[in-house]
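K.L.:
turn this into a model:
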Amino acid sequence: GRMTHRVAEDEIGDDEALLINPSISDLYEQRRERAKPLISRVPWTSLLVLALAGACIYLVVEVHSLRRDIPRMQRQEPPDEVDYVIVGLGSAGGVVAAELAKTGASVMVIEAGGKTQASVGGTDFMQMQYCRTCEPHVTDSNNAPEPCCSNEGSSNTDSRKMFTRADVPFYWILLAYNNGYGYEFPVPGANIARAWGGCGIHNAMIWVRGMAEDFAEWAIPGWAWEDVLPVYKALETCTTSACNPDSPSYSKADAELHGFMGPINVEDQTLKVDIGDWWYNATLAAGYAHNPDFNGEQRVNSTGYYSFNIRDGVRDSTLNAYLAPVMGRDNLYLTTYATAHRVVLHEGHAEGVEYSMDGITRIVKARKEVILTAGTLHTPQLLQLSGIGPHERLKELGIHVHKDLPGVGSNLHDHVAVNVIWESLDPITYYNPYQLWQDYGRYSYDQTGVYSSSGVLAGTFVKSSFKEHAHMNKPDFQFTLFGRNVKDRAQEPAVSVSVMLDIPLSRGELLLTSSNPYDPPKMTQVHVTEELDVDLLAWGVNEARRIKSKQPLSTKLGRELYPGNSTTTNEPMNGDELKAFIRREYEKTDHWVGTAKMGLSSDPQAVVDSQLKVFGIDNLRVADASVMPSITNGNIHASVIMIAKKAADMIIEENDG
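P.N.:
Numbering: from 1, shown residues only. Model prediction:
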């Protein structure tokens, strides 16, 4: 409201009256003959109340908008029609949106979450101190080092020092496992963030590509190793030692498998601590081969250190690498807190998407295509809400069936793991609270130290002796080392090894629970439903124990904390007791894939073809992890981005080529 003051009528001209309060200017025109002050006509207390109420409403709206991350530039009406409508702004959606926008086509992305990383407008900034370089010194009886922090310059005005929780690599531990730490996980039983960047803003950033054998098993035209390798290479700028000709780890053969001009930076592990070397040396003693590059020529029965998608100490997600450079384009419209209801279909043709935003239900039409990148759990939900899926189930929910595709929602699978944890007989300095406090300040100063890493220390890819897998020339397991007790936040020093099964046989299903898009879907039992998976995991636990028995781990680590000893003996749990433990205590990895399976038209469970087009529906594609017929070896993030980039290339070639 405007500021007013007490003034006699004869002091006010017509123009001044309009300036003071346009809404009462007519009063002055009608009653100029009455020499009465303004207060006699409109009580100043009423004006004050109205002004304060208006100010409060304005502030509430502004704060609400800021809280929900709705940018000013996008408070305009969303478009009614664009060339491409994309649903989901996760790792895949960011790539597809950026690549299509660069062609000049108009693109709208419907995303149910808010902004995350600073490079794309995230405002969830961390409170950071600026730290000077100094030598720590002992300050108390517990020999705790004093953090070398200074309050000088702590105003946080330097934009280079503004980081959100999604930016800081080490924070994935809290984001992924502490109830989202501010990010919503909308599907019960799954840690998938409803936010810009999706799982790419809370994963461990381990950069492991699929293997040639994975794609040979897919057996889909256009998706052989020679087809996907150029796409993998186009994603990355490899800065690892294996790609550096001046490094002792350099291999020309390995380097030729990498890219050097891509948007995503792939670098060596920066956190090197004694524990990682203990594990590495023990695996060598156990017979595993040194591997300088898990994305190189060989992976089976090898050990070493991971590569990560991190750049200058900041998570280099597809938001940073792909989306941020095109954010200012007029032809790209990005939403926040918008929920897709259904794909609008007419006579087997995808015409657009119905969605709601700011309490208003809208439809945006797609002149060219609708692309679903909502992820393995939400893409099949949206397909079924749109009338694409198992005929009988959709009818039961009162959904009109446009296309009977029984494979929608089936084939759901995930890597599965069991943790093996031992007490450490030596202190683990990098993970104690005093060291973390100091490193927190160090990160804010120069983006180095523990917080610039994922906290993952080493890895080993293991092939079992099971005859059922003898024909497969790829690992059965991925062992990953952590310098902490991943099951307990107790401060006692401990070391954990994740024994992850890379070739799970168990499958589940994603079920629609209602026709309401706000009701989350549910998953049937996904893990350890196949006895061979349980047998393999038991073998993997014992193989981790065998590695622990080698030097230097045998003298560095003490008793086994998890799974621990048998309830009947003082020996480590084994046999049927261990298998029962595995069925009860297995760990999901949230590497969800498979619910919109890519396949040939002769496959009754296939949902999309080799061009990622939904069978029987024109102008509708899927471009995320849900299209994987079977899960790739190792962490899936790099492969999800590869699928998205390949999809974008195919769309551009077909529509604009």
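K.L.:
ok, and what's touching whichever strand or helix holds residue 495?
P.N.:
Assigned by DSSP states H and E, residue 495 belongs to strand 494-501. Residues from elsewhere that reach strand 494-501 (Cβ atoms under 8 Å, 6 or more residues apart in numbering): 275, 279, 415-424, 428, 476-488, 533, 536-537, 540-541, 543-544, 557, 561-562, 587, 589. C-beta coordinates here come from the backbone N, C-alpha and C atoms, glycine included.
K.L.:
show me where the stretch 101-250 of the chain has strands.
P.N.:
107-110, 130-131, 149-150, 236-238 (DSSP state E, counting those that start in this stretch).
K.L.:
partners of the first one in the sheet?
P.N.:
It refers to strand 107-110. Strands that pair with strand 107-110, judged by DSSP bridges, come out as strand 81-87 (parallel), strand 332-334 (parallel).
K.L.:
out of those, deepest packed?
P.N.:
Comparing those by mean neighbour count (mean count of other Cβ atoms under 10 Å), strand 81-87 ranks first with a mean of 24.
K.L.:
would you mind writing the CA trace of it as CSV?
P.N.:
Taking C-alpha atoms only, strand 81-87 is exported to CSV below (Å, rounded to 0.1, in the frame of the first residue of the first chain):
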residue,chain,number,x,y,z
GLU,A,81,2.0,-25.7,-27.2
VAL,A,82,5.7,-26.5,-27.8
ASP,A,83,7.6,-28.8,-30.0
TYR,A,84,8.7,-31.2,-27.3
VAL,A,85,7.2,-32.0,-23.9
ILE,A,86,9.5,-33.8,-21.5
VAL,A,87,8.3,-35.3,-18.2
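K.L.:
what's that strand in contact with?
P.N.:
With Cβ under 8 Å, 6+ apart as the criterion, strand 81-87 contacts 93, 96-97, 100, 105-110, 333, 340, 352-353, 364-374, 382, 651, 655.
K.L.:
ok, the nearest residue to residue 91 once chain neighbours are set aside - how many residues close by?
P.N.:
Residue nearest to residue 91 in three dimensions, not counting chain neighbours: residue 200, with 3.6 Å by Cβ to Cβ, 6 or more residues apart in numbering. Residue 200 has 31 neighbouring residues, counting by other Cβ atoms under 10 Å.
K.L.:
ditto for residue 571
P.N.:
8.
K.L.:
now the closest residue to it other than its chain neighbours, which residues is it bridged with?
P.N.:
Leaving aside its sequence neighbours, residue 571 sits nearest to residue 565 (Cβ to Cβ, 6+ apart; 6.4 Å). On the basis of DSSP bridges, residue 565 is bridged to residue 572.
K.L.:
quick one, what contacts residue 565?
P.N.:
571, 572, 573.
K.L.:
so of the contacts of strand 494-501, which ones are in helices?
P.N.:
Among the contacts of strand 494-501, the members falling in helices (DSSP state H) are 275, 279, 533, 536, 537, 540, 541, 543, 544.
K.L.:
what's the closest of those to residue 468?
P.N.:
Ranked by distance to residue 468 (Cβ to Cβ), the ones in helices among the contacts of strand 494-501 are led by residue 536 at 8.7 Å.
K.L.:
and for the closest one, the neighbour number?
P.N.:
25.
K.L.:
hang on, isn't it packed against residue 463?
P.N.:
No - using Cβ atoms under 8 Å, residue 536 is not in contact with residue 463, being 10.9 Å away.
K.L.:
mind listing the shared neighbours of the two?
P.N.:
476, 477.
K.L.:
so residue 362, which state does it fall into?
P.N.:
Secondary structure assignment for residue 362 (DSSP: H, G, I helix; E, B strand; the rest coil): strand.
K.L.:
and residue 445, how far from residue 314?
P.N.:
In this view, residue 445 and residue 314 are 14 Å apart by Cβ to Cβ, to the nearest Å.
K.L.:
and if you look at residue 521?
P.N.:
Distance of residue 521 to residue 314, given as Cβ to Cβ: 33 Å.
K.L.:
how about residue 420?
P.N.:
In terms of Cβ to Cβ, residue 420 sits 32 Å off from residue 314.
K.L.:
let me see the contact set for residue 250.
P.N.:
When contacts are counted by Cβ under 8 Å, 6+ apart, residue 250 touches 241, 242, 243, 244.
K.L.:
generate a PyMOL selection restricted to the buried subset of these.
P.N.:
In PyMOL syntax, the buried subset of the contacts of residue 250 is picked out as below (16 or more other Cβ atoms under 10 Å):
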select buried, resi 241+242+243
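K.L.:
what would the contacts of residue 250 look like in JSON lines with pLDDT?
P.N.:
What follows is the contacts of residue 250, written out as JSON lines (pLDDT from 0 to 100):
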{"residue": "241", "pLDDT": "95"}
{"residue": "242", "pLDDT": "94"}
{"residue": "243", "pLDDT": "96"}
{"residue": "244", "pLDDT": "95"}
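K.L.:
of the contacts of residue 250, closest to residue 529?
P.N.:
Among these, and counting by Cβ to Cβ, the member closest to residue 529 is residue 242, at 38.1 Å.
K.L.:
show me what contacts the closest one?
P.N.:
Residue 242 sits in contact with 249, 250, 251, 254, 255, 258, 292, 293, 296, where contact means Cβ under 8 Å, 6+ apart.
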